[in-house]
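J.: With the sequence up front, the predicted model follows.
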Amino acid sequence: MTVVIVLFVAGCSDSFFTSDPGDVVNGDYLEEVGPAAGLNGMYAYMYKLDTMEQGEEDVMHYDYGYMHTVLASELWGQDMVQYSAGYNWYYGECQIAITTRGYQYLACYFHWNFFFRLAKCANDVLNSCTEEDPEMRGQALAMRAFAYLHLVQLYQFTYKGHENAPAVPLVYETSTSEELANNPRVTVSRVYEQIEEDLLNAYDNLQGFYRKDITVIDQSVVCGLLARMYLLKEEWTKAEQYAIEARSGYTQLDSKEQLIDEGYVDMDKHPSWMWTSYITLDAPIVESGIINYIGHISSTAYGYVTAGGMFKNISSELYDKIPDTDIRKGWWCSEDMTYIGGPVGEIDLPKYANLKYGWYNLGGNNCNDYCYMRAEEMWLIEIEAKAMGGNIPGAKEALEEFVRTRQPNYRCEANTAEEIRDAIWLQRRIEFWGEGLAFFDLKRLKKLIIRRYEGSNHNDDALYDFPAEDDVFNLLIPRKEIQDNNGISEQDNNPIPKI
């Protein structure tokens, strides 16, 4: 453990680790202006340090772009467990504490601010190009749809049954300052209409476009977003159609070496990754040392987890559902163990700690590439759409074919569409653990959050169960938006959850 202490003392002051994640929003720091311009800025915003513009001394240590929403949402659910408050980062998300949900706090403000600024990045691109720049327009339209697909799920329940519920405001490249100052929430169905329109236009604009690498949105990524959207809308035929088209040309990972040993480090070693960010040594989130996704999730990298014991663990309930013959079980520790190697030298890991996210190099640089979409999701969307669309035999056969690449002896015992969908949900929980789909699946499938069960490894102060569609599933609109936007009042906000 000496190696760990030496590295952190050398790299950071004590104050660097002790900022309070519950600091209240200070209006002096939070400007509405999104400065990103052009496609490079739009893509770079996905992993931007300090999106809330707090400044170098006051930046929140979760403020490293999109992957914070990924990690926070994983902890809001039931499948990821954090035992230690450590340096006080992310334990509030695990507890669903007031400092992460109260509308006056920065942690609440982050998600609204990030996705609306991402949408503004896309709108800036749309403003800067013409109809004669279809490839640029297509990428920007897809990114705007990506932002709104998250916003509509974060701030309201799922599409089915809530089509007319208030969602979020819509902001276009043509929106004026007067319109932005009085911009009410529109319905869930209206947001989905805009997402669908943007994605179908992006699909057309990106016809024949060949991207330089998978850091750029192309037609396959647009198809992936369309598949996600139609799955949410329960339009099964279209969900299946676009999922098949999205995964066409990608190779599914099917070996221990690819699934387990690569450690989600290098996009070039994962042929099923469809869309990523390539993280370089000079990226501010890397130069920060620890203000990055890997520093907060990896059990073996240089970061908060190894410094403060803030391990991100799989729930014992989900772990026990994974057969020993499934190679993915190697993503988590089967018992308490000592890990030797990597930038921190030697570290004691608890049972259930994840090994899915590895370290980049011995220098402690958290330069891991970030994956936003991979083909495995498309396979499982296709199978779910088959089942819910009535093709029970085809869905069973396809699910068995998929899972046997991970668990050779797998048999699907389900016989109805709903049973197959639950079998797929289990596979999604295992396959995409830590990738930001779990919480949204709970909302989409109208599932309960269950943390109280025999042998639960959730801490007592986070041992909550919530019924399906409880208020806890929806974030609150931050106070700053209500202050700045006359179209949204205090009464228009989502209810404060009872925890």
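T.: Everything's here; your move.
J.: Tell me where the longest helix sits in the chain.
T.: helix 106-128 (DSSP state H).
J.: Show the secondary-structure elements that it is packed against.
T.: helix 38-44, helix 66-76, helix 98-101, helix 134-154, helix 479-484 (3 or more C-beta pairs under 8 Å, 6 or more residues apart in numbering; DSSP states H and E). Yep, even glycine has a C-beta here, placed from its N, CA and C like the rest.
J.: Of those, which stretch is the most buried?
T.: Stretch with highest mean neighbour count among the helices and strands packed on helix 106-128: helix 134-154 (a mean of 24; mean count of other C-beta atoms under 10 Å).
J.: can you state the direction angle for it and helix 66-76?
T.: Here helix 134-154 runs at an angle of 30 degrees relative to helix 66-76 (axes from the mean of the first three to the mean of the last three C-alpha atoms, to 10 degrees).
J.: Alpha carbons of helix 134-154, in CSV - could you do that?
T.: Presented in CSV, the C-alpha positions along helix 134-154 are these (Å, rounded to 0.1, in the frame of the first residue of the first chain):
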residue,chain,number,x,y,z
PRO,A,134,-24.7,17.3,-45.2
GLU,A,135,-22.1,15.3,-43.4
MET,A,136,-21.5,18.1,-40.8
ARG,A,137,-25.2,18.6,-40.4
GLY,A,138,-25.9,14.9,-40.0
GLN,A,139,-23.4,14.6,-37.2
ALA,A,140,-24.7,17.7,-35.4
LEU,A,141,-28.4,16.5,-35.7
ALA,A,142,-27.4,13.1,-34.3
MET,A,143,-25.6,14.7,-31.4
ARG,A,144,-28.6,16.9,-30.6
ALA,A,145,-30.8,13.9,-30.7
PHE,A,146,-28.4,12.1,-28.4
ALA,A,147,-28.6,14.9,-25.9
TYR,A,148,-32.4,15.1,-25.9
LEU,A,149,-32.7,11.3,-25.7
HIS,A,150,-30.9,11.6,-22.4
LEU,A,151,-32.8,14.7,-21.2
VAL,A,152,-36.2,13.2,-21.8
GLN,A,153,-35.3,10.1,-19.9
LEU,A,154,-33.7,11.9,-17.0
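J.: ok now that helix, how far from the chain's centre?
T.: On the basis of C-alpha atoms, centre = their mean, to the nearest Å, helix 134-154 sits 15 Å off its chain's mean C-alpha point.
J.: Quick check: mean pLDDT of the following helix or strand past it?
T.: Per DSSP states H and E, the first helix or strand lying C-terminal to helix 134-154 is helix 177-180. Mean pLDDT, helix 177-180: 94.
J.: what does stretch 332-340 give?
T.: 97.
J.: Buried ones in that stretch, by neighbour count?
T.: 332-333, 339 (16 or more other C-beta atoms under 10 Å).
J.: Tabulate the residues you listed in JSON lines, adding columns for secondary structure and distance to H68.
T.: Listed next are these as JSON lines, based on DSSP: H, G, I helix; E, B strand; the rest coil; distance: C-beta to C-beta, whole Å:
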{"residue": "W332", "secondary structure": "strand", "distance to H68": "22"}
{"residue": "C333", "secondary structure": "coil", "distance to H68": "25"}
{"residue": "Y339", "secondary structure": "strand", "distance to H68": "25"}
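J.: for the helices and strands packed on helix 106-128, which one sits closest to T276?
T.: helix 38-44 (10.2 Å; C-beta to C-beta).
J.: residues contacting the closest residue to T69 other than its chain neighbours?
T.: Leaving out its chain neighbours, the residue that sits closest to T69 by C-beta to C-beta, 6 or more residues apart in numbering is H111, at 5.6 Å. Contact analysis of H111 by C-beta atoms under 8 Å, 6 or more residues apart in numbering lists 69, 72, 150, 154, 475.
J.: Can you tell me which of the residues you listed lies closest to K447?
T.: L154 (16.8 Å).
J.: what's the burial count for the nearest residue to that closest one once chain neighbours are set aside?
T.: Distances taken as C-beta to C-beta, 6+ apart place L475 nearest to L154, at 5.0 Å, with adjacent residues excluded. Using other C-beta atoms under 10 Å, L475 has 24 neighbouring residues.
J.: I'd like to know how far L475 sits from D268.
T.: Counting by C-beta to C-beta, to the nearest Å, the gap between L475 and D268 amounts to 35 Å.
J.: what are the ranges of the strands in this structure?
T.: Ranges of strands in the chain, per DSSP state E, are 80-82, 273-277, 312-314, 337-340, 346-349, 370-374.
J.: What is the second one packed up against?
T.: Packing partners of strand 273-277 (3+ C-beta pairs under 8 Å, 6+ apart): helix 219-233, strand 370-374, helix 375-388.
J.: Nearest approach to P467 belongs to which of these?
T.: Per C-beta to C-beta, nearest to P467 of these: helix 219-233, 20.6 Å.
J.: Check the model's average confidence along the closest one for me.
T.: 98.
J.: cool, and stretch 246-256?
T.: Per-residue scores along stretch 246-256 average to 85.
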